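[1] give me coordinates for this.
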Amino acid sequence: MSGSAPLVALARALDQVGDLLVHVRSDQLDRRTPCSDWSLGQLADHVVAGPAKFAEMLRGEQPDWSAGPAHLEGGWATAFRSSADDLMHLWHQGAAQEGSDPDWQTAEFAVHAWDLAHALGRSTRELDPLVAERGLAFMKANLRAEIRGEAFGPEQPAPEKGDAYDAIAAFAGRTVPASA
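    Presented below is the predicted three-dimensional model:
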């Protein structure tokens, strides 16, 4: 696998999350999501804020991960794509700080692609399996039980006939339905 593979996977992850955010409508914001504490509106806001926070890290700043994201009433895909473009630009400029890893970001966006797809009633089978596989490999190598915190619950069983997104979601602590 080439040295550009991590950035290719991250770019694909960002593209598909942007594609999912196009389907979020303001009349759906109260929908439940696989993230038990978040509505679809809260999940969309969180996902939109992600690239900007990762960009802060690449610039050597300390993002406040505990701060709630700005609430949007629309335009999630546009806002996300703008900050995702900035993030990719920083990666291509070589702005990465020590400890930065595009695979961590790929994992984050792969899990949230699963969350969004399920909240929107869309299939994950349309998503790029490379993104979820790469993200899952990173998570399995780095996400130990003692650092899972509230963001990632204990690993759950993945359905036998599930796809790569079901596998990463289950590893991240999401309850994945057998009919997924």
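[2] setting the sequence-adjacent residues aside, check what's closest to the residue most central in space within the chain.
    Among the residues of the chain, the one closest to the centroid is Phe109, at 1.7 Å (C-alpha atoms, centre = their mean). Closest residue in space to Phe109, ignoring its immediate chain neighbours: Ala13 at 3.9 Å, by C-beta to C-beta, 6 or more residues apart in numbering. C-beta: built from backbone N, CA, C; applies to glycine.
[3] quick one: the residue nearest to the centre of the chain and Val131 touch, right?
    Yes. Between Phe109 and Val131 there is a contact under C-beta atoms under 8 Å: 7.5 Å.
[4] distance check, Ala77 against Val47.
    10 Å (C-beta to C-beta, to the nearest Å).
[5] who has more neighbours, the two?
    Per other C-beta atoms under 10 Å, whichever of Ala77 and Val47 has more neighbours is Val47, with 24 against 19.
[6] who's in contact with the more buried one?
    Counting by C-beta atoms under 8 Å, 6 or more residues apart in numbering, Val47 touches Val17, Leu21, Trp76, Phe80, Phe109, His112, Leu116.
[7] looking at those residues, which are in helices?
    Val17, Leu21, Trp76, Phe80, Phe109, His112, Leu116 (DSSP state H).
[8] in the strand or helix carrying Asp19, what's buried?
    For Asp19, the host element (DSSP states H and E) is helix 5-21. Neighbour-count burial for helix 5-21, with 16 or more other C-beta atoms under 10 Å as criterion, is recorded at 6-21.
[9] repeat that for stretch 23-35.
    Here stretch 23-35 shows Val24, Leu29, Thr33, Pro34, Cys35 as buried, counting by 16+ other C-beta under 10 Å.
[10] what's the answer for stretch 122-131, then?
    So for stretch 122-131, counting by 16+ other C-beta under 10 Å, buried means Thr124, Leu127, Asp128, Leu130, Val131.
[11] contacts for stretch 167-180 next, please.
    34-35, 107, 110-111, 114-115, 124, 132, 135-136, 139-140, 143, 148, 152-159, 162-163, 166.
[12] pLDDT on that stretch, on average?
    For stretch 167-180, mean pLDDT rounds to 88.
[13] one more: stretch 138-146?
    The model assigns stretch 138-146 a mean pLDDT of 86.
[14] end to end, how far does it reach?
    By C-alpha to C-alpha, to the nearest Å, the extent of stretch 138-146 from end to end equals 16 Å.
[15] contacts for that stretch?
    Contacts for stretch 138-146 (C-beta under 8 Å, 6+ apart): Asp101, Asp103, Trp104, Thr106, Ala107, Phe152, Pro154, Ile168, Phe171, Ala172.
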